[in-house]
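Engineer: predicted coordinates and the sequence they were generated for:
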Amino acid sequence: MTETLARSPAARNPMVPVGYAVVDRTVETRDSATLTLAPVEESLPRFRPGQFTMVYVPGVGEIAVSVSGDPRLEHVLVQTVRAVGAVSGAIHDATPGTVLGLRGPFGTDWDLPTAAGFDLLLVAGGIGLAPLRPVLLGALACRARYGRITLVLGARTPAEFLYRDQIRAWAERADLTVLSTVDHSTPGWHGRVGLVTEPLANAELDPARTVAFLCGPEVMMRFSAELLCARGVPASRVRLSLERNMRCGVGLCGHCQLGPLLVCRDGPVVRYGQVADLLRVKEL
């Protein structure tokens, strides 16, 4: 990957990064941070909720990061990253003024407009709330278009929830139901303890008018999707966001292959019916 960041619309190439500067950084958890990024000169096309960018740190490398900001924002991109390796760690630690290289946006989206008139059920495990946040923000901005909206959140501990101030504000809304659970309680936590499938199993829903959006560890999404289908929600209305080590972003390298799918091209958002059998295969 070249260290030169594209600065002219004429130079736009899906494989060449565009310079974006960090203008704000918010610490979310012990290993996660949210960066607000503004274009240095040229800006990328507007993202659709569910899409991702390839974020490049000069001299370190590049990884895929979902866009997690308000879809109504123009030019500015908000991305939440968890530090788990050299590249994600460098992005996580980027301070205001740092220039990163971005490519994209890539991939399929949550297709929120097709859920108009339905109840929305969002299920997020851990950092899975980041790709789902644009869906919720978009739905709340056009609240009259949708029926009941339920957000089911899971995390290992209370300290590992993303966007905690925003979650508290959402929980106070009369037009939104927030159900949270943790794997392990800590002092001061008075909420549910258990797997995310437990509040999901008891959530009020009408299967005939529910569209579900799931993001989190694959095993969580698989069990949650199976549960929803068992409750009568059609597999075609259960949408999942997959992440399979995307490297090129455009379906060329094959590194993100999942059976017949290339996740960066055919995903990350897929219908459960497309991948149900694939997710049951160990180490695929």
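Structural biologist: Yes, it's here. Numbering: from 1, shown residues only.
Engineer: now Ala115, nearest residue through space, not along the chain?
Structural biologist: Val211 (4.2 Å; Cβ to Cβ, 6 or more residues apart in numbering). Where you see a C-beta, it was placed from the backbone N, CA and C, and this is true even at glycine.
Engineer: pull the contacting residues for the one you found.
Structural biologist: Val211 makes contacts with Thr114, Ala115, Phe118, Asp119, Leu120, Leu121, Arg237, Arg239, as judged by Cβ atoms under 8 Å, 6 or more residues apart in numbering.
Engineer: now with 7 Å?
Structural biologist: With Cβ atoms under 7 Å, 6 or more residues apart in numbering as the criterion, the residues that contact Val211 are Ala115, Phe118, Leu120, Arg237.
Engineer: dump those into JSON lines; add neighbour count and distance to Asn202 as well.
Structural biologist: Putting those into JSON lines (neighbours: other Cβ atoms under 10 Å; distance: Cβ to Cβ, whole Å) gives the following:
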{"residue": "Ala115", "neighbour count": "21", "distance to Asn202": "22"}
{"residue": "Phe118", "neighbour count": "18", "distance to Asn202": "20"}
{"residue": "Leu120", "neighbour count": "22", "distance to Asn202": "18"}
{"residue": "Arg237", "neighbour count": "22", "distance to Asn202": "20"}
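Engineer: thinking again about what came up before, where does the residue nearest to Ala115 fall, secondary structure wise?
Structural biologist: strand 210-215 (DSSP states H and E).
Engineer: convert that strand to PDB, retaining C-alpha atoms only.
Structural biologist: Output of strand 210-215 as PDB, limited to C-alpha atoms (Å, rounded to 0.1, in the frame of the first residue of the first chain):
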ATOM      1  CA  THR A 210     -40.800  -7.500  12.600                       C
ATOM      2  CA  VAL A 211     -37.500  -6.800  10.800                       C
ATOM      3  CA  ALA A 212     -34.500  -7.800  12.900                       C
ATOM      4  CA  PHE A 213     -30.900  -6.400  12.600                       C
ATOM      5  CA  LEU A 214     -28.200  -8.400  14.300                       C
ATOM      6  CA  CYS A 215     -24.500  -7.600  14.900                       C
END
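Engineer: next SSE downstream of it?
Structural biologist: helix 218-230.
Engineer: check what pLDDT Val196 gets.
Structural biologist: For Val196, the pLDDT comes out at 95.
Engineer: likewise for Glu283?
Structural biologist: For Glu283, pLDDT reads 65.
Engineer: for Ala11, same thing?
Structural biologist: pLDDT, Ala11: 49.
Engineer: for the stretch 1-150 of the chain, what spans make up the helices?
Structural biologist: Assigned by DSSP state H, counting those that start in this stretch, the helices in the stretch 1-150 of the chain fall at 86-92, 129-141.
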